[in-house]
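[1] Using only what follows, build the 3D model:
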Amino acid sequence: MMARLASGLVVNALLRRVNAAGGSAMVLAKGEAEAGAILVLALERGGDPRFFERGIGPDGLPALVRSGPAEMADEASVSSYWQRRRSRDPDLWVIELDIAGAERFAAETMFAG
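    Got it, this is the predicted structure:
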């Protein structure tokens, strides 16, 4: 079993990669630096919000999996979802990535090694 990088390190790397590629990345809620879960809000040009987080894929291996509601009517429902999650898990990181291929950037960074 391979050791996982500290959450704070993963978040910093992801923010740098997305910003360097011309996208926008920001921390919406800072979680526990060593082992906090990371919830990614992926956008493309400010629209089409989707949430992803570490999980187990269909092959039984660690993967980035979709989470949250399938459809989000407006910005308030997006904020409401991650704030509810954060109220139950104060160690949770919530990061917003606004770039084409946000899911790819997150997966490549979170599972690098």
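
[2] For the chain, which segments count as helices?
    Assigned by DSSP state H, the chain shows helices spanning 7-20, 75-88, 102-110.

[3] what sits against the closest residue to Asn19 other than its chain neighbours?
    Spatially, and ignoring its direct neighbours in sequence, Asn19 is nearest to Ala25 (5.5 Å; Cβ to Cβ, 6 or more residues apart in numbering). Heads up, the C-betas are built off the backbone N, CA and C, glycines and all. Residues in contact with Ala25 (Cβ atoms under 8 Å, 6 or more residues apart in numbering) are 14-15, 18-19, 95-99.

[4] circling back: and the helices of the chain as a markdown table, adding distance to Leu41, mean neighbour count and mean pLDDT?
    Below are these laid out as a markdown table (distance: least, Cβ to Cβ, whole Å; neighbours: other Cβ atoms under 10 Å; pLDDT from 0 to 100):
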| stretch | distance to Leu41 | mean neighbour count | mean pLDDT |
| --- | --- | --- | --- |
| helix 7-20 | 12 | 17 | 94 |
| helix 75-88 | 7 | 14 | 92 |
| helix 102-110 | 9 | 19 | 90 |
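
[5] Out of those, the one nearest Ile38 is which?
    Ile38 sits nearest to helix 7-20 of all the helices of the chain, at 5.8 Å, using Cβ to Cβ.

[6] helices and strands around that closest one, which ones?
    For helix 7-20, the packing partners by 3 or more Cβ pairs under 8 Å, 6 or more residues apart in numbering; DSSP states H and E come out as strand 24-29, strand 38-44, strand 93-98, helix 102-110.
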